[in-house]
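Engineer: Take a look and give me a structure for this.
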Amino acid sequence: MKSKCGEELYRNPGGDGRSYVIDFKSAGALAKDNISKAMKSLNRRQFLRTSAAALSLSTLPRAQRNGPKAKRVGLIGCGWYGKTDLFRLLQIAPDTTPVEVVSLCDVDRRMLAEAVELVTNRQDSKKKPRSFNDYRAMLAEKDLDIVLIATPDHWHCLPMIAAVKAGADVYCQKPISVDVIEGQAMLAAARKYNRVVQIGTQRRSTPHLIDARDKVIREGKLGKVGLVEIYCYYHMRNESNPPDTAPPDYLDYEMWTGPAPMRPYNPLIHPRGWRAFMEYGNGIVGDMCVHMFDMTRWCTVTISTLRQKASVPFIKTLSTNWISILRTKQRRTSKNIVRRRFATT
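Structural biologist: Okay, here's the model as predicted:
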């Protein structure tokens with residue numbers, strides 16, 4: 001090609017999308033000859049060999065390509081939302097941080113088998129993850145980088161503490177726990193073992209809520225906020241009342257109950273209907289209210305404000321009394337004798 005001034009130029013496309021121009025007249029005839037020879041030295045055999053290598057690399061799963069080692073992931077609780085969290089992780093994990101699901105755990109053998117098949121088909125490597133019926137056996141391997149916990153609320157605390165103790169970072173579904181004391185123990189464990197722990201209050205990642213907090217509330221456009229009312233109009237209560245029955249043979253109901261009070265099995269309990277029973281959580285308050293309440297605190301109260309305007313004992317007392325009042329007002333089907341058979345240190 002020729003420049004406007006008549007110099008002979010060579011335009012070489014760069015690998016990053018840019019072009020590099022060589023002025024042969026300025027470089028001299030010798031440079032021109034050497035560069036031309038170099039550009040023509042890539043013969044057909046070399047081209048085919050290089051192309052084949054590049055093609056084979058492009059067909060490898062992300063986890064097998066050169067680059068960062070894949071994060072090893074385990075899931076405790078393979079129900080509908082546990083799989084939702086896990087599959088979304090597989091979708092969004094960038095090439096720079098690949099993930100490999102290596103362990104799945106559930107006390108429902110049928111649900112566990114389904115999850116193993118789905119994960120095998122969805123992850124890049126197509127490798128079959130190991131399956132466990134007891135999270136303690138899964139964590140005893142001590143080979144996980146990330147643990148997802150999507151169990152009923154009464155099984156959040158102990159697996160989370162065991163996971164960080166085993167050296168894993170944790171994503172745990174909300175609410176953090178069934179009471180304040182468990183939540184405090186989980187926080188202390190995360191700090192003690194220096195692990196990253198996130199609770200599934202995902203509205204903090206919602207763009208329009210972030211804008212509302214940063215561009216409306218914190219800029220003072222609402223003035224001084226004195227009262228916030230929160231509502232949930234979504235009907236979530238199962239109004240049926242089936243009789244108690246024996247648990248299905250594919251469910252380890254003893255392990256499912258875990259640290260909660262033991263009660264007769266009811267078809268409403270599993271799967272997904274356990275929130276109707278106060279042995280395992282705090283009903284709608286422990287479900288949708290957690291999201292709304294978290295948004296209220298996140299948007300209107302900062303950590304510095306809490307430290308300046310309220311003492312920590314007051315916050316603890318308020319939270320404890322709030323949970324106690326809720327539990328007193330709502331139906332319980334046992335004497336609330338909690339069997340701590342799964343205690344951990």
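Engineer: can you give me the strands for the stretch 1-150 of the chain?
Structural biologist: 9-13, 19-23, 71-76, 99-105, 130-132, 146-149 (DSSP state E, counting those that start in this stretch).
Engineer: quick one: G183 and H156, what's the gap?
Structural biologist: To H156, G183 is 9 Å away according to Cβ to Cβ, to the nearest Å. No exception for glycine: its C-beta is placed from N, CA and C like everyone else's.
Engineer: residues touching the nearest residue to R218 once chain neighbours are set aside, list them.
Structural biologist: Residue nearest to R218 in three dimensions, not counting chain neighbours: C299, with 8.0 Å by Cβ to Cβ, 6 or more residues apart in numbering. Going by Cβ atoms under 8 Å, 6 or more residues apart in numbering, C299 touches 209, 212-213, 217-218.
Engineer: Buried only: go through those residues for me.
Structural biologist: Buried subset of these (neighbour count, 16 or more other Cβ atoms under 10 Å): 212-213.
Engineer: okay if I get the contacts of C299 as TSV plus pLDDT and distance to I284?
Structural biologist: As requested, the contacts of C299 are arranged in TSV below (pLDDT from 0 to 100; distance: Cβ to Cβ, whole Å):
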residue	pLDDT	distance to I284
L209	90	21
A212	90	24
R213	90	24
I217	88	26
R218	87	29
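Engineer: Closest to C78 out of the contacts of C299?
Structural biologist: The nearest member of those to C78, counting by Cβ to Cβ, is L209 at 29.6 Å.
Engineer: can I assume the closest one sits in a helix?
Structural biologist: Yes - counting by DSSP: H, G, I helix; E, B strand; the rest coil, L209 is part of a helix.
Engineer: OK, contacts around it?
Structural biologist: 203, 295, 299.
Engineer: and what of Y171?
Structural biologist: 85, 146-149, 197-198, 200.
Engineer: in its sheet, what does the helix or strand harbouring it sit against?
Structural biologist: In the assignment (DSSP states H and E), Y171 maps to strand 169-172. In the sheet containing strand 169-172, its partner strands are strand 146-149 (parallel), strand 197-199 (parallel), by DSSP bridges.
Engineer: Give me the mean pLDDT for it.
Structural biologist: What strand 169-172 shows for mean pLDDT is 96.
Engineer: send the alpha carbons of it over as CSV?
Structural biologist: The C-alpha trace of strand 169-172 is given here as CSV (Å, rounded to 0.1, in the frame of the first residue of the first chain):
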residue,chain,number,x,y,z
ASP,A,169,-15.9,-19.5,51.3
VAL,A,170,-19.7,-19.6,51.6
TYR,A,171,-22.8,-18.4,49.9
CYS,A,172,-25.7,-19.1,52.3
